[in-house]
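Participant: Build me a structure from this.
(chains A and B)
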Amino acid sequence: MQVGAVPRWHSSPGRCQAEWSTISVSVIVRKVRATKVRTMREAAALVPDGARVALGGQSVYQRPMAFVRELIRQGRRDLVVVGVLNGPELDMAAAAGCVGKVETSYVGLEQFGLARNFRRLVERGAIGIDDYSEITAFDRFRASEAGLTFLASPHLGGSDVAARNPNAVVFACPLTGRPYIAVPPADPDVVVIHAAAADQYGNVLAAPAKLLPQDFDQTVARSCEKVIVTVEKLVDNSYVRRHAERTVIPGFRVAAVVEAPWGAHPCHSLGFYTLDKAHFEEYVAASSDDVAFRSYLDKYVYGPPDESAYLELIGMSRLRSLSTVTGVVL
Amino acid sequence: MKASVAELLAVTIARTLRDDDVGFTGLATGPRAALYATLIPLAAMQFAQATHAPGLTCLLAGWCHNPSPGSITQLPDAEFDPNLLALPCDARDLGYPPQYVVKRGDVSVGFCSAAQVDREGNVNTVCIGDPAAPDVRLVGPILIPEHMALFGREIVMMPRHEKRMFVARVDHRTGVGFPGGRRGRAELGLRGGGPELVVTPKCIFAFDAGGRIFVRSIHPGISTEDVRDSTGFDLPGLEFAPVTEEPGQEELAFLREHVDPHGLLRMDTAA
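Facilitator: Residues are numbered from 1 along each chain as shown, chains lettered A, B, ... in the order given. So this is what the prediction gives:
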């Protein structure tokens, strides 16, 4: 180029833009969108000892049991389980020594009665518990979702639920003077839920039918920034993009996705399979004392090195008999 | 025809229900608890709907609005039992918050159950013994605080009537009755009315003007001594308690035909 010569794009603004964009294309760095798919082992390792953990589902419905079994295999300790209606996921983790404290409104096995391991540990003083009423336990997650530092409960006056909770504080409404009890939000460090499906980027799809446990899992997933999702089926993003109205948790809010078919067993997984009654009866019988339950853990949790080995142990004919696919699920 | 205890209770409770009531019944586990906490209240509400209270709203399991009478064929003991999901009804609440508003007082009458009830009407579902070191840990508070604090009035359904359940003072005051009497309750600023009746296989308790429990009636065939021996607190005036009025033949026939065609209320034999 001659000194003093005017580059030709200077004479034409439109042209100039075209030239520049050609140049930038030549230097663009195109990275691949990162996958969030992890192995169960990798995902469980995201939960540190002592973490506040919310485990999705309710009582015997939609619990991330495969994830809990892996937490037990990894020997996690001192977890604070925060929930609403807790069941076998907590009872099993507590029996395996993973849990230091619980904040919830219910721990039980629904039609199978009390959570007997949990009961023994509380009676022994081995596990701490802050009791909450059911609506308060629900709303503590909504308080976290709203970014609040407390939940105002208008209806716990006179109840030992408030009187015995060291974190409950009586205060007066600054506008009207009405008495309230402030309780802390749920504020989990990690949320783990079991869902129908997700893609490699963490977009989570609901099954067409949805009940309270599945619906509330969406609120739980909004109460925290470290959300781990185990799914019955991993699907490709191209599938999600054709059925985006069924996405219930957007990928950017999800830290890890694990494919875990039958991952709620022995609990229900809506649209996929029903509760394994025979297995629950075995569980309940085993939970009558520490020694018997240790045998259960040896057989079903410590014995199989991973979830495929667990499913083999349960057996495909049993699993198939639980299948409830009643219509198009995916 | 002679009414079973469950039929007697269903009709007796139905008579206390109003046309503008919104009634809530949860689910309890175990056949006897399911009968008392769910089936008898459901039958009472459906009997009332079919007779004097057609406008009553029944919230079964907290999420199934106005299920069709006679559509339940077995004792429900699972919240999302496939049989419940298939019930014809006006609305299904499949999320939280539900379509009715608990904290604004939508529920005018609730039915709950407990491990212990005391003379102030406080109820316990958390533990037996000192809560700091319990002898028996139970399921926890669940919705009991809301039943007793937010619902218009509460009917406490006790599947058994034994001394260990009817105590001078509950070990954990999970749900609030009338501590310090009705005035004591008023000072707590609770929206709901608290316990109205406590229903057992032997009698029905109510609460007097001061908020103290008394026996409103004793069921046919149950002796005064039996009620006294089965209750862990004094019952002054018990000898004056009337007999629980049995349903008339026409009422009983209507109950069996319209509300309970599968005879679930007649499966109860062990009082």
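
Participant: Hmm, A:Ala162 is touching A:Ile181, no?
Facilitator: Yes. Counting by Cβ atoms under 8 Å, a contact exists between A:Ala162 and A:Ile181, whose distance comes to 4.9 Å. Using the backbone N, CA and C atoms, a C-beta is placed for each residue, glycine as well.

Participant: between these two, what contacts are shared?
Facilitator: Counting by Cβ atoms under 8 Å, 6 or more residues apart in numbering or on different chains, the residues touching both A:Ala162 and A:Ile181 are A:Ser153, A:Leu156, A:Ala168, A:Val170.

Participant: So for the residue nearest to the second one when sequence neighbours are not counted, what's the pLDDT?
Facilitator: Going back to what we said before, that points to A:Leu156. Taking Cβ to Cβ, 6 or more residues apart in numbering or on different chains as the measure, A:Leu156 lies nearest to A:Ala162, with 4.0 Å between them; neighbours along the chain are not counted. According to the model's per-residue confidence, A:Ala162 sits at a pLDDT of 98.

Participant: How about residues contacting whichever helix or strand A:Ala162 is part of?
Facilitator: Mapping A:Ala162 onto the secondary structure by DSSP states H and E places it in helix A:160-163. Taking contacts as Cβ under 8 Å, 6+ apart, the residues outside helix A:160-163 that touch it are A:131-133, A:136, A:153, A:156, A:168, A:170, A:181, A:183, B:126, B:131, B:141, B:145, B:172-174.

Participant: pLDDT score for residue 99?
Facilitator: Just going to use chain A. For A:Val99, the pLDDT comes out at 98.

Participant: Not quite, go with chain B.
Facilitator: Per-residue confidence for B:Gln99 comes out at a pLDDT of 93.

Participant: what about it, helix or strand, and which?
Facilitator: With DSSP H and E as the criterion, the answer for B:Gln99 is that it lies in no helix or strand.

Participant: From chain A, how far off is it?
Facilitator: As for B:Gln99, its distance to chain A is 12 Å (criterion: Cβ to the nearest Cβ, to the nearest Å).

Participant: Spell out which residues sit in contact with whichever residue of the stretch 1-150 of chain A sits closest to chain B, please.
Facilitator: Nearest to chain B, among the residues of the stretch 1-150 of chain A, is A:Ser133, at 3.7 Å (Cβ to the nearest Cβ). Taking Cβ under 8 Å, 6+ apart as the contact definition, A:Ser133 lies against A:Ser105, A:Ser153, A:His155, A:Leu156, A:Ser159, A:Val161, B:Pro141, B:Ile142, B:Leu143, B:Ile144, B:Pro145, B:Glu146.

Participant: just the buried members of the contacts of helix A:160-163?
Facilitator: By neighbour count, with 16 or more other Cβ atoms under 10 Å in any protein chain shown, these hold A:131-133, A:136, A:153, A:156, A:168, A:181, A:183, B:126, B:131, B:141, B:145, B:172-174 as buried.

Participant: Name the residues of stretch B:63-79 that come out as buried.
Facilitator: Residues B:63-67, B:69, B:71-72, B:75-79 are the ones in stretch B:63-79 that count as buried (16+ other Cβ under 10 Å).

Participant: now these as a markdown table including secondary structure?
Facilitator: Output for these, formatted as a markdown table (DSSP: H, G, I helix; E, B strand; the rest coil):
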| residue | secondary structure |
| --- | --- |
| B:Trp63 | coil |
| B:Cys64 | strand |
| B:His65 | strand |
| B:Asn66 | coil |
| B:Pro67 | coil |
| B:Pro69 | coil |
| B:Ser71 | coil |
| B:Ile72 | coil |
| B:Leu75 | coil |
| B:Pro76 | coil |
| B:Asp77 | coil |
| B:Ala78 | coil |
| B:Glu79 | coil |
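
Participant: Out of those residues, which are close to chain A?
Facilitator: With respect to chain A, and counting by Cβ under 8 Å from any Cβ of the partner chain, the subset of the buried residues of stretch B:63-79 in contact is B:Trp63, B:Asp77, B:Ala78, B:Glu79.

Participant: ok, so of the contacts of A:Ser133, who is nearest B:Val243?
Facilitator: For B:Val243, the closest of these turns out to be B:Ile144, at 30.7 Å, with distances computed as Cβ to Cβ.

Participant: Take the contacts of A:Ser133 and keep only those in strands.
Facilitator: A:Ser153 (DSSP state E).

Participant: Including distance to B:Lys163, could the contacts of A:Ser133 go into JSON lines?
Facilitator: Putting the contacts of A:Ser133 into JSON lines (distance: Cβ to Cβ, whole Å) gives the following:
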{"residue": "A:Ser105", "distance to B:Lys163": "28"}
{"residue": "A:Ser153", "distance to B:Lys163": "34"}
{"residue": "A:His155", "distance to B:Lys163": "31"}
{"residue": "A:Leu156", "distance to B:Lys163": "29"}
{"residue": "A:Ser159", "distance to B:Lys163": "24"}
{"residue": "A:Val161", "distance to B:Lys163": "26"}
{"residue": "B:Pro141", "distance to B:Lys163": "24"}
{"residue": "B:Ile142", "distance to B:Lys163": "24"}
{"residue": "B:Leu143", "distance to B:Lys163": "27"}
{"residue": "B:Ile144", "distance to B:Lys163": "21"}
{"residue": "B:Pro145", "distance to B:Lys163": "25"}
{"residue": "B:Glu146", "distance to B:Lys163": "28"}
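
Participant: near chain A, which residues of the stretch 151-271 of chain B show up?
Facilitator: With Cβ under 8 Å from any Cβ as the criterion, the stretch 151-271 of chain B comes near chain A at residues B:172-176, B:179, B:184-185, B:188-192.

Participant: Of these, select the buried ones using a PyMOL command.
Facilitator: One line in PyMOL is enough to select the buried members of these, burial here meaning 16+ other Cβ under 10 Å:
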select buried, chain B and resi 172+173+174+175+176+179+184+185+188+190+192
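
Participant: tally of neighbours for A:Gly147?
Facilitator: With neighbours defined by other Cβ atoms under 10 Å in any protein chain shown, the count for A:Gly147 comes to 8.

Participant: ok, now the one 10 residues further on?
Facilitator: Burial of A:Gly157, expressed as a neighbour count using other Cβ under 10 Å, amounts to 20.

Participant: show me what contacts it?
Facilitator: With Cβ under 8 Å, 6+ apart as the criterion, the residues that contact A:Gly157 are A:Val170, A:Pro179, A:Ile181, B:Ala149, B:Val176, B:Leu188, B:Gly189, B:Leu190.

Participant: Looking at the third one now. What's its pLDDT?
Facilitator: Which is A:Ile181. The model reports A:Ile181 with a pLDDT of 97.

Participant: So it: helix, strand or coil?
Facilitator: Secondary structure, three-state DSSP: A:Ile181 is strand.

Participant: all helices for the stretch 101-250 of chain B, in order.
Facilitator: Taking DSSP state H, counting those that start in this stretch as the criterion, the stretch 101-250 of chain B contains helices spanning B:144-150, B:181-187, B:224-229, B:249-254.

Participant: So B:His262 belongs to a strand, correct?
Facilitator: No. Counting by three-state DSSP, B:His262 is located in no strand; its state is coil.

Participant: Kind regards, and thank you for your time.
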